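Visitor: Attaching a predicted model along with its sequence, questions to come.
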Amino acid sequence: MAHGENKSERGNERFPVETLLAWYDTARRDLPWRAPSGAASDPYRVWLSEIMLQQTTVKAVAPYYAKFLHAWPTVEALAETDLDDVLKAWAGLGYYARARNLHACARRVASEHRGCFPGTEKELLTLPGVGAYTAAAIASIAFGQRAAVVDGNVERVLARYFSVETPLPAAKKDLKKIAEQVAPSKRPGDFAQAMMDLGATICTPRTPSCALCPVHRECAARARGLEAILPYRATKPAKPLRCGVAFLASRADGAVLLRKRVKEGLLGGMTEVPGTPWVEEPEGDANLLDHAPLEGPWAQLPGTVRHTFTHFHLELSVFSAAFSNGAEVLETARPEACMWVPRHALDAQALPSVMRKVVAHVLDDDRK
């Protein structure tokens, strides 16, 4: 460690900020939303990436970020578009409340802040979809404000460096306090990103590469042989299983019947294959066809579609029915909120991943 190096302190414990920043200057990840070294960050790009990265990986986000930035290069452009267009562009990225909040936030910034993001954590927290972590990240990275930016990567680095043995999630408050104490006033945005990079590339969950870590010499977990174990995690309860049925109607011309979900709740505003509610106790077979969008020759396909959400697992049985292109189907057989969509246009719909699995399940069966 360099002589006279400044360190952030946690009581009697200290963190080698400048050592980490020196490592970051040479080893920083090249990410599409990250400004070049020494350049100012665009608050819009920082905000857009941080919303997308919530509960999602960098690899998954990169193509969506590029698509959004191409379609809506400014917050004003995003604010002016329809929510349906945003949901369609977001389809497949998951956690769709983020997309609705993204659009609402863009409109708030455009209308109430003249297209400029507020520069403090307190003001940022008033925006739709911006929580404590996101506000801190934007404030530090885009505006150079000293802030405690704590995501899963940062929690892991701090828990190991200071050997915090309280299991997560109970340890979150303590780790946030530590982050508040070690966050520097100098280059706060670079420090936040350096901590994220360290956790993502070296201080990884299962097999940390301690020999490559710039701060390993003073890591308390490594000194105690706990580097691959910390942070401890409380046992999570098993996710419940919910069941349902999806009904995919198709026409001879290849169009399929889809329905738009209500704006509120899970997958709100997205497009779906019509079906039953998702419940823990499925209905009897005699009642299933009451939920079909049309009367027709419904037949159950073998197998099920499985999908996992944050709080539950889902299993869907799938029924399909083929209809002619007669006038009755084309003109009158269109239940409320439903629409016939050509198969070649399905990719442009706001279909969440679980619904794309349903469509694929039917298409795969058709090919057999």
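Guide: Sure, I can see it.
Visitor: After the helix-or-strand element of the chain with minimal mean pLDDT, which helix or strand is next?
Guide: The weakest-scoring helix or strand in the chain, judged by mean pLDDT, DSSP states H and E, is helix 327 (a mean of 42). Per DSSP states H and E, the first helix or strand lying C-terminal to helix 327 is strand 338-341.
Visitor: Name the surrounding residues that touch that following strand.
Guide: R251, A255, V256, L257, L258, R259, K260, P274, P293, L330, R334, Q349 (C-beta atoms under 8 Å, 6 or more residues apart in numbering). From N, CA and C alone the C-beta is placed, and that goes for glycine too.
Visitor: Buried subset of those, written for ChimeraX?
Guide: In ChimeraX, this line selects whichever of these come out buried by 16 or more other C-beta atoms under 10 Å:
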select :251,255,256,257,258,259,260,274,293,349
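Visitor: between the contacts of strand 338-341, which is nearest Y44?
Guide: Among the contacts of strand 338-341, Q349 lies closest to Y44 (C-beta to C-beta), at 26.8 Å.
Visitor: Number of residues surrounding W90?
Guide: The number of residues packed near W90 is 23, by other C-beta atoms under 10 Å.
Visitor: got a list of what it touches?
Guide: Counting by C-beta under 8 Å, 6+ apart, W90 has contacts Y64, Y96, R98, A99, L102, A350.
Visitor: please redo it, this time with the cut-off set to 6 Å
Guide: A99 (C-beta atoms under 6 Å, 6 or more residues apart in numbering).
Visitor: Also V75?
Guide: Contacts of V75 (C-beta under 6 Å, 6+ apart): Y44, A106, V109, A110, G115.
Visitor: Tell me how far it lies from L48.
Guide: Separation of V75 from L48 (C-beta to C-beta, to the nearest Å) stands at 8 Å.
Visitor: Strands of the chain, start to end?
Guide: For the chain, strands defined by DSSP state E occupy the ranges 8-10, 13-15, 241-251, 256-260, 271-272, 299-300, 305-308, 313-323, 338-341.
Visitor: per-domain residue ranges of the chain.
Guide: 8-223, 241-367 (automatic domain parsing).
Visitor: one step back: out of the contacts of V75, name the ones that lie in helices.
Guide: Y44, A106, V109, A110 (DSSP state H).
Visitor: Next, find the distance separating the closest residue to the third one other than its chain neighbours from A136.
Guide: Spatially, and ignoring its direct neighbours in sequence, V109 is nearest to V75 (5.2 Å; C-beta to C-beta, 6 or more residues apart in numbering). V75 sits 20 Å away from A136, going by C-beta to C-beta.
Visitor: Dump the ones in helices among the contacts of V75 into CSV; add distance to E80, pLDDT and neighbour count as well.
Guide: Formatted as CSV, the ones in helices among the contacts of V75 follow (distance: C-beta to C-beta, whole Å; pLDDT from 0 to 100; neighbours: other C-beta atoms under 10 Å):
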residue, distance to E80, pLDDT, neighbour count
Y44, 14, 98, 24
A106, 9, 98, 27
V109, 12, 97, 23
A110, 8, 97, 18
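Visitor: Output the below-cut-off pLDDT ranges for the chain.
Guide: Applying pLDDT under 70 to the chain flags the ranges 1-13, 283-286, 325-335, 365-368.
Visitor: Now with 50, please.
Guide: 1-6, 8-12, 327-333 (pLDDT under 50).
Visitor: and G129, what does it touch?
Guide: Counted by C-beta under 6 Å, 6+ apart, G129 has contacts N101, C105.
Visitor: Do a quick rundown of the helices in the stretch 151-300 of the chain.
Guide: For the stretch 151-300 of the chain, the helices defined by DSSP state H, counting those that start in this stretch occupy 152-161, 172-182, 188-201, 220-223, 285-288.
Visitor: For the longest one, give me every contacting residue.
Guide: Helix 188-201 is contacted from outside by 20-21, 24, 29, 140-141, 146, 149, 153-154, 156-157, 184, using C-beta under 6 Å, 6+ apart.
Visitor: Just the angle for that helix relative to helix 172-182, thanks.
Guide: Angle, helix 188-201 to helix 172-182, by axes from the mean of the first three to the mean of the last three C-alpha atoms, to 10 degrees: 130 degrees.
Visitor: which of the residues in helix 188-201 are buried?
Guide: Neighbour-count burial for helix 188-201, counted by 16+ other C-beta under 10 Å, picks out 188-200.
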